[in-house]
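Chemist: sequence and predicted model, in that order:
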Amino acid sequence: MFKYLPHTPEDIQAMLKTIGVKDINELYSDMPKTLKGVDLDIPSSMSEIELTEHFKTLAGENRPLKSFMGMGAYDHYTPSVIRHLIERQEFLTAYTPYQPEVSQGTLQYIFEYQSMICELTGMDVSNASMYDGATATAEAMYMAVNVRKKRRHILVSETVNPVIVDVLRTYAYNQDIDLELVSEKEGVSDVSALKDAMRHDTAALITQTPNRYGHIEDFEDLGEACSANKTLFVINQDPSTLSHLKTPRDQGADIAVGEAQTLGVPLSFGGPYIGYFATTKKLMRKMPGRICGVTEDTDGLRAFVLTLQAREQHIRREKANSNICSNQSLMALFVTIYLSIMGKKGLYEAQNISKNHAHYLHDMLLKLPHFEDPFEKPFFKEFTLKTSLDVTQMNKLLSEQGYLGPFDQGAFSEDKAGLVTFSVTEKRTKEEMDHFIDIMGAL
């Protein structure tokens with residue numbers, strides 16, 4: 001029982017005496033009897049050679065699937081140089097740099113990350129990153145309520161990814177925030193309904209583009225309405241699409257958020273990912289998380305420091321606007337290296353290939369009898385079709401052929417039954433798409 005414990009029997013007896021327990025088994029008295037004495041069937045130890053071969057055997061059972069699914073996580077290419085760089089010890093063990101004088105390298109790449117996010121979004125300032133796009137959106141909601149004092153009403157377009165909406169509801173639940181979901185209209189936000197739903201106590205309006213169906217939305221008119229009502233306008237946007245589409249700033253956003261996994265971060269079975277958060281100079285002191293700034297040292301040389309930390313939990317505690325303390329520093333480095341080596345032209349070309357591939361697959365699928373486009377709206381690299389096929393059975397057969405099929409919108413609500421969302425990136429070849437179409441045709 002004590003085989004792997006560093007404590008001697010005398011140490012254990014001294015500790016038990018201190019806490020007033022006679023026997024160590026008393027510490028497990030609340031554990032159900034059915035969980036005690038269970039044979040875990042743990043195999044005997046292996047040598048290094050045996051263990052390596054064992055893992056090779058296990059790895060050989062994996063069946064990687066070529067993804068045609070999106071809905072917030074996209075199979076973009078990760079340049080090999082990124083992994084080589086981030087696995088350097090000083091990066092891989094990154095922690096929030098409280099001591100700037102010895103953390104210049106970390107602070108510099110955070111500063112570069114912030115600068116690139118601002119250039120993509122058109123916003124004035126960015127923080128040092130968030131956990132993911134959904135929680136970044138929820139933090140934007142908190143920030144809006146904090147900025148617009150005595151306003152607790154939040155409007156959300158139904159075209160926002162339902163996973164993000166669920167996170168918003170979770171965050172709002174114990175904060176006395178009135179979250180209102182406004183119905184969509186033909187696959188896009190119902191701008192008129194959103195304007196009508198705006199109240200004197202509406203702190204923020206939250207939208208997304210490309211939206212849950214992949215449709216591109218233009219919110220410029222909506223941004224003006226928010227400004228007139230002194231309601232903060234929050235746009236959640238895939239940052240990779242900003243190489244082609246209007247920036248959140250161009251559409252009147254006060255806060256720009258989103259999931260930056262599309263900027264070179266691999267799918268990794270669902271994480272870790274990275275959320276971005278950017279806003280205007282006027283609102284930056286209310287922004288959650290960390291901000292890295294640049295200054296000069298005593299010798300007049302450029303130096304990097306953490307700035308505007310007064311709202312953090314370790315200083316203001318329960319009075320803080322947000323209790324976000326850490327940042328996704330390693331993932332921010334991932335994004336920084338990706339954008340640096342891709343450059344403006346590279347990012348544009350990669351996303352252009354994704355866009356062209358998506359439109360090719362869309363047009364080819366519509367030639368099949370069991371697909372139709374119920375919306376006919378402009379899209380980027382993701383689109384939604386209506387199918388008469390059994391979606392569960394369809395995706396099962398696609399999986400057997402080595403493909404991760406489209407997302408079933410019906411999983412969220414019955415009225416979306418038959419709607420399936422496809423995503424195509426620059427990694428999918430024409431041969432793969434043609435094979436995918438042949439499988440769908442055979443169904």
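Modeler: Everything's here; your move.

Chemist: quick one: the helices in this structure, in order.
Modeler: For the chain, applying DSSP state H gives helices covering 9-19, 48-60, 80-86, 89-92, 104-121, 133-147, 162-173, 191-197, 220-228, 313-316, 329-365, 391-400, 430-442.

Chemist: and the first one, average pLDDT?
Modeler: So the one you mean is helix 9-19. Average pLDDT, helix 9-19: 93.

Chemist: same question, the longest one
Modeler: Over the span of helix 329-365, the pLDDT mean works out to 96.

Chemist: quick revisit: can I get the helices of the chain in CSV with mean neighbour count?
Modeler: C-beta: built from backbone N, CA, C; applies to glycine. Below are those laid out as CSV (neighbours: other C-beta atoms under 10 Å):
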stretch, mean neighbour count
helix 9-19, 11
helix 48-60, 10
helix 80-86, 13
helix 89-92, 10
helix 104-121, 21
helix 133-147, 25
helix 162-173, 17
helix 191-197, 16
helix 220-228, 16
helix 313-316, 12
helix 329-365, 19
helix 391-400, 15
helix 430-442, 15
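
Chemist: what about those, which gets the closest to R249?
Modeler: Evaluated over the helices of the chain, closeness to R249 peaks at helix 104-121, with 6.4 Å, by C-beta to C-beta.

Chemist: C-alpha coordinates for the closest one, CSV please?
Modeler: The C-alpha coordinates for helix 104-121 follow below in CSV (Å, rounded to 0.1, in the frame of the first residue of the first chain):
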residue,chain,number,x,y,z
GLN,A,104,11.9,40.1,-22.1
GLY,A,105,11.6,37.3,-24.7
THR,A,106,8.1,36.2,-23.5
LEU,A,107,6.9,39.8,-23.1
GLN,A,108,8.1,40.6,-26.6
TYR,A,109,6.2,37.8,-28.3
ILE,A,110,3.1,38.7,-26.3
PHE,A,111,3.5,42.3,-27.5
GLU,A,112,3.9,41.1,-31.1
TYR,A,113,0.8,38.9,-30.7
GLN,A,114,-1.2,41.8,-29.5
SER,A,115,0.0,44.0,-32.4
MET,A,116,-0.9,41.4,-35.0
ILE,A,117,-4.4,40.9,-33.5
CYS,A,118,-4.9,44.7,-33.6
GLU,A,119,-3.8,44.8,-37.3
LEU,A,120,-6.2,41.9,-38.2
THR,A,121,-9.2,43.3,-36.3
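
Chemist: okay, angle between it and helix 329-365 too, please.
Modeler: Going by axes from the mean of the first three to the mean of the last three C-alpha atoms, to 10 degrees, helix 104-121 is angled at 30 degrees with respect to helix 329-365.

Chemist: worst mean pLDDT among the helices of the chain?
Modeler: helix 313-316 (a mean of 58).

Chemist: nearest to D238, of the helices of the chain?
Modeler: helix 133-147 (8.5 Å).

Chemist: just the angle for the closest one relative to helix 162-173, thanks.
Modeler: Using the same axes, to 10 degrees, helix 133-147 lies at 40 degrees relative to helix 162-173.

Chemist: return the list of helices and strands in contact with helix 133-147.
Modeler: strand 153-157, helix 162-173, strand 202-208, strand 232-236, strand 255-259, strand 275-279 (3 or more C-beta pairs under 8 Å, 6 or more residues apart in numbering; DSSP states H and E).

Chemist: so what are the domain limits for the chain?
Modeler: 66-75+344-442, 80-338 (automatic domain parsing).

Chemist: would you turn those into JSON lines with distance to Q13?
Modeler: Output for these, formatted as JSON lines (distance: least, C-beta to C-beta, whole Å):
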{"stretch": "domain 66-75+344-442", "distance to Q13": "52"}
{"stretch": "domain 80-338", "distance to Q13": "38"}
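
Chemist: the ones you listed: which one's closest to V21?
Modeler: Among those, domain 80-338 comes nearest to V21, with 34.9 Å by C-beta to C-beta.

Chemist: picking up where we left off before, closest to F371 out of the helices and strands packed on helix 133-147?
Modeler: helix 162-173 (22.5 Å).

Chemist: can you dump the C-alpha atoms of the closest one in CSV for me?
Modeler: Extracted C-alpha coordinates of helix 162-173, given in CSV (Å, rounded to 0.1, in the frame of the first residue of the first chain):
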residue,chain,number,x,y,z
PRO,A,162,-24.9,27.6,-30.0
VAL,A,163,-21.8,26.3,-28.1
ILE,A,164,-20.8,30.0,-27.5
VAL,A,165,-24.4,30.8,-26.5
ASP,A,166,-24.3,28.0,-23.9
VAL,A,167,-21.1,29.5,-22.4
LEU,A,168,-22.8,32.9,-22.3
ARG,A,169,-25.7,31.4,-20.5
THR,A,170,-23.4,29.7,-18.0
TYR,A,171,-21.5,33.0,-17.3
ALA,A,172,-24.8,35.0,-17.0
TYR,A,173,-26.6,32.5,-14.7
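
Chemist: let me know the angle separating that helix from strand 202-208.
Modeler: For helix 162-173 against strand 202-208, the angle by the same axes, to 10 degrees is 160 degrees.

Chemist: out of the helices and strands packed on helix 133-147, nearest to M116?
Modeler: Using C-beta to C-beta, the nearest of the helices and strands packed on helix 133-147 to M116 is strand 275-279, at 9.6 Å.

Chemist: output the contacting helices and strands for the closest one.
Modeler: helix 104-121, strand 125-126, helix 133-147, strand 255-259.

Chemist: could the helices and strands packed on helix 133-147 go into JSON lines alongside distance to K33?
Modeler: Putting the helices and strands packed on helix 133-147 into JSON lines (distance: least, C-beta to C-beta, whole Å) gives the following:
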{"stretch": "strand 153-157", "distance to K33": "48"}
{"stretch": "helix 162-173", "distance to K33": "35"}
{"stretch": "strand 202-208", "distance to K33": "50"}
{"stretch": "strand 232-236", "distance to K33": "49"}
{"stretch": "strand 255-259", "distance to K33": "45"}
{"stretch": "strand 275-279", "distance to K33": "45"}
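
Chemist: so which of these comes closest to E186?
Modeler: Nearest of the helices and strands packed on helix 133-147 (C-beta to C-beta): strand 153-157, 13.0 Å.

Chemist: give me the sheet partners of the closest one and which way each runs.
Modeler: Strands that pair with strand 153-157, judged by DSSP bridges, come out as strand 178-182 (parallel), strand 202-208 (parallel).

Chemist: output those strands as JSON lines; include the columns mean neighbour count.
Modeler: Listed next are the strands paired with strand 153-157 as JSON lines, based on neighbours: other C-beta under 10 Å:
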{"stretch": "strand 178-182", "mean neighbour count": "17"}
{"stretch": "strand 202-208", "mean neighbour count": "26"}
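
Chemist: nearest to A303 among these would be which one?
Modeler: Of the strands paired with strand 153-157, nearest to A303 by C-beta to C-beta is strand 202-208, at 35.8 Å.

Chemist: looking at the domains of the chain, which is closest to V38?
Modeler: Across those, V38 has its closest neighbour in domain 80-338 (28.0 Å, C-beta to C-beta).
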